[in-house]
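Participant: Sequence and predicted structure, then a few things I'm wondering about:
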Amino acid sequence: MRAKSIKGKSPEALQRELKQAMDDGFAPTLAIVFVSVDLDRDAIRQLLTEQNISVFGATTHGEFIDAEPQSGSAAILLLDMDRSYFRIFTESFDSRDYRESARRLAVRAREVFPKTGFLLAISGASTDGEQVLLGLQDEAGDDINAFGGGAGDEYLFKETFVFSGHQESNSGIVLLAIDETKVKMSGLATCGWKAVGTEKTVTKSEGNHVYTIDNIPALDITAKYGGIANPTPENENLMVEIGTNFPLQLQREQGDPVMRPGLVVDWSDHSFYTSGTVPQGSKVRFSLPPDWDVMEKVVRGVQNLKETEMPEADAVVIFSCGGRILSLGPLMAEELEGIRNVWNVPMAGMFSNSELGRATGGNLEMHNLTTCCVALKEL
């Protein structure tokens with residue numbers, strides 16, 4: 001399977017890039033499209049569908065095809081995968097039936113490919129990615145390969161979109177089903193954030209609303225251990241600082257911890273809402289602010305994936321949390337360069353609202369502040 005990556009800041013630039021990519025006879029059948037909400041998605045979709053290229057797409061907080069993160073652009077991975085090896089499904093979550101909608105799509109996919117892997121993207125601030133993954137597992141089993149992310153909107157946090165060549169949704173899913181008897185798909189979700197201090201107990205929570213940790217209001221104990229001097233409503237950058245530098249690490253009985261950054265404070269009791277479920281009674285640890293080791297751990301994890309599961313790849317897809325680039329700054333380019341050099345094949349990626357995948361040794365679940373790397377190889 002051949003692959004090429006193109007990028008551009010306008011449909012016209014992408015048209016030129018696409019023509020150049022195809023001048024040598026390359027005939028892509030599938031485009032994985034990561035695009036800014038500011039670009040004309042309809043024009044980009046039309047450009048690709050006119051060339052009979054199927055589209056899997058999502059809006060982003062930024063996008064890339066190499067080590068240079070960009071915004072206000074489109075990053076596209078073109079693949080000439082045999083059309084009989086994949087299908088694209090889309091559905092809107094009209095009644096918030098996330099789990100059942102995902103299960104229905106998995107049923108349709110498995111009617112075509114009994115052994116199927118999934119790439120997926122979800123849109124909508126209220127969409128529960130964990131329920132989507134559970135729906136896929138209900139039909140395809142707990143050990144399925146499924147990786148993806150939540151669509152972004154250049155950090156506006158207003159409206160995000162997923163799309164195929166002919167449909168778009170601001171509260172839905174686009175699902176790329178791949179025949180794993182024809183195309184191998186391997187990936188991992190890893191964050192690299194270092195934990196600090198002893199395990200603590202979530203003494204009161206409901207879903208993603210964390211009230212107290214060790215019987216202390218969640219904000220107060222986080223500010224104490226993070227050394228935050230002004231945890232008040234007047235501190236406009238408070239939750240950005242907490243979310244990107246001092247996220248909770250939800251401990252698991254097996255596998256790596258899952259990141260759960262605080263996002264919104266309830267000032268009436270100094271509780272806060274996190275990016276995903278934090279069960280009452282669960283164990284958490286706090287994180288140190290990110291440094292060079294965060295990037296190196298991610299690259300080592302991807303290198304280990306190559307050495308243990310995927311010695312060769314035709315293409316790589318990355319879903320990296322939008323919070324990582326806010327935390328890592330210029331180091332983000334070093335991380336992307338390190339990942340690209342593992343296989344040195346065409347890649348495309350997005351900065352996402354959330355990441356969907358399996359942490360090392362762990363379960364399939366929703367992550368944050370995490371990089372999800374997926375490698376594809378035609379058998």
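Facilitator: Here it is on my side, so go on.
Participant: Show me the helices in this protein, by range?
Facilitator: Using DSSP state H, the helices of the chain run over 11-22, 41-49, 98-112, 129-140, 218-226, 238-245, 292-308, 322-328, 331-343.
Participant: Give me the mean pLDDT for the first one.
Facilitator: What helix 11-22 shows for mean pLDDT is 97.
Participant: Would you mind pulling up the elements that it packs against?
Facilitator: Other elements packing on helix 11-22 under the criterion 3 or more Cβ pairs under 8 Å, 6 or more residues apart in numbering; DSSP states H and E are strand 3-8, helix 41-49, strand 74-79. (C-beta placed from N, C-alpha, C; glycine too.)
Participant: so of these, which one's packed in deepest?
Facilitator: strand 74-79 (a mean of 27; mean count of other Cβ atoms under 10 Å).
Participant: other SSEs contacting that one?
Facilitator: strand 3-8, helix 11-22, strand 30-35, strand 63-64, strand 315-321, strand 347-352.
Participant: counting contacts, what elements does the lowest-mean-pLDDT helix or strand in the chain pack onto?
Facilitator: When each helix and strand of the chain is scored by mean pLDDT, DSSP states H and E, helix 238-245 comes last, with a mean of 82. On a contact count with 3+ Cβ pairs under 8 Å, 6+ apart, helix 238-245 meets helix 218-226, strand 262-266, helix 322-328.
Participant: Recalculate using a threshold of 10 Å.
Facilitator: With contacts taken as 3 or more Cβ pairs under 10 Å, 6 or more residues apart in numbering; DSSP states H and E, helix 238-245 sits against helix 218-226, strand 262-266, strand 271-274, helix 322-328.
Participant: Let's have those in JSON lines, adding distance to Gly150.
Facilitator: Shown next, in JSON lines, are the helices and strands packed on helix 238-245 (distance: least, Cβ to Cβ, whole Å):
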{"stretch": "helix 218-226", "distance to Gly150": "23"}
{"stretch": "strand 262-266", "distance to Gly150": "13"}
{"stretch": "strand 271-274", "distance to Gly150": "14"}
{"stretch": "helix 322-328", "distance to Gly150": "9"}
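Participant: Format these as JSON lines; extra columns: distance to Asp24, mean neighbour count and mean pLDDT.
Facilitator: Below are the helices and strands packed on helix 238-245 laid out as JSON lines (distance: least, Cβ to Cβ, whole Å; neighbours: other Cβ atoms under 10 Å; pLDDT from 0 to 100):
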{"stretch": "helix 218-226", "distance to Asp24": "53", "mean neighbour count": "20", "mean pLDDT": "91"}
{"stretch": "strand 262-266", "distance to Asp24": "47", "mean neighbour count": "18", "mean pLDDT": "86"}
{"stretch": "strand 271-274", "distance to Asp24": "49", "mean neighbour count": "22", "mean pLDDT": "90"}
{"stretch": "helix 322-328", "distance to Asp24": "34", "mean neighbour count": "24", "mean pLDDT": "88"}
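Participant: Run through the residues that contact Arg104.
Facilitator: 89, 91, 97, 135, 139 (Cβ atoms under 10 Å, 6 or more residues apart in numbering).
Participant: returning to that earlier point: which among the helices and strands packed on helix 11-22 is found nearest to Pro279?
Facilitator: Nearest to Pro279 among the helices and strands packed on helix 11-22 is strand 74-79; the distance by Cβ to Cβ comes to 36.2 Å.
Participant: Just the angle for that closest one relative to helix 11-22, thanks.
Facilitator: Relative orientation of strand 74-79 versus helix 11-22 (axes from the mean of the first three to the mean of the last three Cα atoms, to 10 degrees): 20 degrees.
Participant: List the pairing partners of strand 74-79 within its sheet, with orientation.
Facilitator: According to DSSP bridges, strand 74-79 forms sheet pairs with strand 3-8 (antiparallel), strand 30-35 (antiparallel).
Participant: These into CSV, with extra columns for distance to Asp179 and mean pLDDT?
Facilitator: Compiled in CSV, these are given as follows (distance: least, Cβ to Cβ, whole Å; pLDDT from 0 to 100):
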stretch, distance to Asp179, mean pLDDT
strand 3-8, 17, 98
strand 30-35, 13, 98
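Participant: Throw those into CSV and include distance to Asn245, thanks.
Facilitator: What follows is the strands paired with strand 74-79, written out as CSV (distance: least, Cβ to Cβ, whole Å):
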stretch, distance to Asn245
strand 3-8, 30
strand 30-35, 26
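Participant: Low-confidence regions, this structure specifically.
Facilitator: Where the chain drops to pLDDT under 70, the residues are 360-361.
Participant: Please spell out which residues along the top strand by length along it are buried.
Facilitator: For the chain, the longest strand by residue count, based on DSSP state E, is strand 195-206. For strand 195-206, burial by neighbour count (16 or more other Cβ atoms under 10 Å) applies to 200, 202, 204-205.
Participant: List the contacts of the closest residue to Leu328 other than its chain neighbours.
Facilitator: Spatially, and ignoring its direct neighbours in sequence, Leu328 is nearest to Pro290 (5.8 Å; Cβ to Cβ, 6 or more residues apart in numbering). Residues near Pro290 by Cβ under 10 Å, 6+ apart: 191-194, 244-245, 247, 323-324, 326-329, 331, 369.
Participant: Recalculate using a threshold of 8 Å.
Facilitator: Applying Cβ atoms under 8 Å, 6 or more residues apart in numbering to Pro290 gives the contacts 192-193, 244-245, 327-328, 331.
Participant: on that earlier part again, any idea which of the strands paired with strand 74-79 gets closest to Asp66?
Facilitator: Closest approach to Asp66 among those (Cβ to Cβ): strand 3-8, 7.5 Å.
Participant: ok, and what's touching the closest one?
Facilitator: Contacts for strand 3-8 (Cβ under 8 Å, 6+ apart): 14, 16-18, 21, 26, 28, 63-66, 70, 73-80, 314-315, 345-348, 376.
Participant: for stretch 203-210, same thing?
Facilitator: Against stretch 203-210 from outside (Cβ under 8 Å, 6+ apart): 202, 211-215, 218, 248, 260, 262, 266, 271-282.
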